[in-house]
Structures are given as C-alpha cells and as structure tokens.
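Asker: Sequence first, predicted coordinates after that:
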Amino acid sequence: MSHRLLDRLPAVLRSRRDVLDQRHDWADAAVLAQGAAAAVLVRELAHGPFLWAVGAHDELRGLVPDALRRQGPGLRWATVPRAVPVAPADLAAAGVVPSTLWDRLSCDVPPGVQPGEDGVVLLDVHRDAAAIAACLDVANPTTHARPGAPDDAAWWGVRDPAGGRLLGVIGVAVRGGTDVPSMHLHGLGVVPDARGRRLGTALAAVATRRALEGGAPWVSLGMYADNAPARRVYGALGFRVDVENAGYGPPGAARP
C-alpha cells in the first residue's frame, strides 16, 4: 500500500516530506490532474471528499481551477499552497471558501537542551488519558489530538509539583516517513496559569529530540500561519517551513 500513491505521482514529488508522510492515508486517492512537477489529488472520506494540491506552484495555477470544477459541489476540504491563487468562481464551483492559512514545518536535527526539560515526563497513554484530555480541554481546546488514537506514538507532559496536575502536554503521532516512520507533533498546550515559563518549548524539545534519537528521519508539525509565538518556539528548535498552505472549506467551516 505504501507505494500506491508514490507510483502514480511525478517523480519529483516522491521524495517530498509531506507526500511521504501522507502516502498511507492517501494511498487510494484519485489523481484529478498532474503535470511534470505537481498533482491534484482527491480522497473520499465518510464526511466528504478532500482535495490536496501539491508541487510546483506555476503548474498548480493551471491545474487547481480545472480540478475544483471537475470535482464539483460537496467538497469537504481543499488544501492548496498559498502561493497558488484560486479565483472565487472556481472555489464556488466546489462549494468552498477561504478558511485557514497554515504552515507545515519539519526538523531532522535534535534540538539543544532547553530550560525546564527536567520537568518533562513520558506519560502513560492509558493511565493518563483522562488527565491529558482534561489538560487539552483547557490548554488547547480546538485541537483534534487526543490520547488513544491509532497513530499514537507517545504523549509527554509537565506536572504541577504541588499536586500532580498536568500543566502542559504534547503528543507524538506516527507518519509514513521513508523506510522507517517519521513522527508528527500535535496537541501542544499549556494551561493559562502556567504560561510564560517556556514549558511549551521544553515539551516540544524533548518530544522532537526523543523522536529523532529513536530513529525517525524527521519530525513534522502543522501550525496556523498567524501563530507568531509558536513560530518563534519551533524556529528556535530547528524547525523549518516545508510548505505554506491555504485551507478551503464549506462556508462556516474553520477546519477539516
């Protein structure tokens, strides 16, 4: 299954980190359009089709409008590089509007040790599941990340020394990678009364380092483009932008 998608894409796309990370989930996707260095894919899910445009921006400028019109109304979500403009009429043909701006970042070098790492502990995904969820409900209520997902690799946390309450958490999920899986950070959150102590930086540093030391070829993450504090944190840890995306969904949808 891992090669189903790669074999149908232009050769230049097959080594991209975002493509390799998603090759299992998108293994059965249909290729709506492609050029020498770009492709537009669509994947059918229970709650609607997802469209993904990936590759050379100049080619996608010609491929995306036609793909949206061919797909037609009912599209659940479209991810397109931000450098590729999409006309309102083409979006309307698929029933979507501009929704989000987000970046994918990755890192392949273990970050340096950060202040506060001595308080970061590996959590038990079963025993600590309720505590992790309670922390996320306060610290990062909009995240889809929750313990117990099929792709869970690890959850890390920082506890309040006074009572053991989780002050912050971060999850690590398995992605496609190369010969060995890569890892993806998600669900980073610190409760409001513990912010300003760089706990998020410590959590991200430990999770990234341990994943890379464990053999992951890289660690990835996604973040909203306007999240300047997160960008500073991840940039200081060695993360670099792989692709700047725009998300398009039905009117009123803030995310997939």
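Answerer: Noted; the coordinates are in hand.
Asker: Could you pull out the strands in the stretch 1-150 of the chain for me?
Answerer: 30-34, 38-45, 48-55, 77-81, 97-107, 120-122 (DSSP state E, counting those that start in this stretch).
Asker: Of all the ones you listed, which one comes closest to residue 145?
Answerer: With Cβ to Cβ as the measure, strand 97-107 is the member of the strands of the stretch 1-150 of the chain nearest residue 145 (14.8 Å). To be clear about C-beta, it is placed using only N, CA and C from the backbone, and glycine gets the same treatment.
Asker: Out of the strands of the stretch 1-150 of the chain, flag the one nearest residue 236.
Answerer: Checking those against residue 236 by Cβ to Cβ gives strand 97-107 as the closest, at 10.9 Å.
Asker: now what about that closest one, what contacts it?
Answerer: Outside strand 97-107, the residues within contact range by Cβ atoms under 8 Å, 6 or more residues apart in numbering are 17-18, 82, 91, 208, 212, 218-226, 234, 237-251, 253-255.
Asker: Go ahead and confirm residue 24 touches residue 174.
Answerer: No - using Cβ atoms under 8 Å, residue 24 makes no contact with residue 174, being 9.5 Å away.
Asker: on that earlier part again, how about JSON lines for the strands of the stretch 1-150 of the chain, with mean neighbour count and mean pLDDT added?
Answerer: Converted to JSON lines, the strands of the stretch 1-150 of the chain look like this (neighbours: other Cβ atoms under 10 Å; pLDDT from 0 to 100):
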{"stretch": "strand 30-34", "mean neighbour count": "17", "mean pLDDT": "96"}
{"stretch": "strand 38-45", "mean neighbour count": "20", "mean pLDDT": "96"}
{"stretch": "strand 48-55", "mean neighbour count": "21", "mean pLDDT": "98"}
{"stretch": "strand 77-81", "mean neighbour count": "22", "mean pLDDT": "99"}
{"stretch": "strand 97-107", "mean neighbour count": "18", "mean pLDDT": "98"}
{"stretch": "strand 120-122", "mean neighbour count": "17", "mean pLDDT": "98"}
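Asker: Using TSV, please lay out the ones you listed together with distance to residue 64.
Answerer: What follows is the strands of the stretch 1-150 of the chain, written out as TSV (distance: least, Cβ to Cβ, whole Å):
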stretch	distance to residue 64
strand 30-34	8
strand 38-45	6
strand 48-55	5
strand 77-81	6
strand 97-107	14
strand 120-122	42
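Asker: What's the local residue count around the closest residue in space to residue 237 that isn't next to it in sequence?
Answerer: Residue nearest to residue 237 in three dimensions, not counting chain neighbours: residue 111, with 4.0 Å by Cβ to Cβ, 6 or more residues apart in numbering. By other Cβ atoms under 10 Å, 20 other residues sit near residue 111.
Asker: residues contacting residue 111?
Answerer: 204-205, 208-209, 236-238.
Asker: Mind doing that once more with 7 Å?
Answerer: When contacts are counted by Cβ atoms under 7 Å, 6 or more residues apart in numbering, residue 111 touches 205, 208-209, 237-238.
Asker: all helices of the chain, in order?
Answerer: Using DSSP state H, the helices of the chain run over 17-22, 57-71, 88-94, 129-139, 199-213, 228-236.
Asker: what mean pLDDT does the last one have?
Answerer: It refers to helix 228-236. Helix 228-236 carries an average pLDDT of 94.
Asker: Fine by me, we can end here.
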